[in-house]
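Asker: Below are the sequence and a predicted model; questions follow.
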Amino acid sequence: MKWVARAKARVDRIACPWLIRRFIDKQAEFLFVPDAEVMATAARESATPYDVPGVELGHQGERCSFDAFLDKYRLTDPALQALALIVRGADTDARGIAKEAWGLYAVASGFREISRDDFENMERQFPVYDALYAYCRSGLPRGA
């Protein structure tokens, strides 16, 4: 399956591909295009758009696209739910909802700056999400 989002990904547009590859579709293909080309690319490539306004897998109120994926694919793992709070905090102005959100925002911003493109950014950031998921599974104290 193909997925398309806006280019120059930072938090949610990297967290969602990580979630897709790990829990939804291991063979997923990702496309990153300029804002104005997302919907046309989705139609042309039979790809599912995410993290763009007005789509099912986008922000809904205070919740981000990562939350939308968890809901749509009924991913109820408590560690994923905890990770969603961190992603939501890092991807929105609600960074105070999880202490870890500040760190994820900083790391994701740095990787976006030093990566050649969104594919390299994904490759670099996926281990961060693997580690955050392991952290969430560990039961270590978390919180705001």
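Answerer: Done, it's in. All figures in this text were calculated on a predicted structure; none of them were measured in a lab. Numbers count the residues shown, from 1 in each chain.
Asker: how about the helices of this protein, start to end?
Answerer: Listed in chain order, the helices of the chain (DSSP state H) span 12-19, 38-45, 65-72, 78-91, 99-114, 118-138.
Asker: Just give me how far the longest one sits from the chain centre.
Answerer: The chain centroid and the centroid of helix 118-138 are separated by 10 Å under Cα atoms, centre = their mean, to the nearest Å.
Asker: Show me what counts as buried in that helix.
Answerer: When burial is assessed from 16 or more other Cβ atoms under 10 Å, helix 118-138 yields the following buried residues: D118, N121, M122, R124, Q125, F126, V128, Y129, L132, Y133, Y135, C136. All C-beta spots, glycine's among them, are computed from the backbone N, C-alpha and C.
Asker: Next, the contact list for the last one, please.
Answerer: Spelled out, that is C136. Applying Cβ atoms under 8 Å, 6 or more residues apart in numbering to C136 gives the contacts P78, A79, L80, A82, L83, I86, R142.
Asker: what's the lowest-pLDDT member of the residues you listed?
Answerer: When these are sorted by pLDDT, the bottom entry is R142 at 63.
Asker: Next up, the contacts around M122.
Answerer: With Cβ under 8 Å, 6+ apart as the criterion, the residues that contact M122 are A9, I14, P17, W18, F30.
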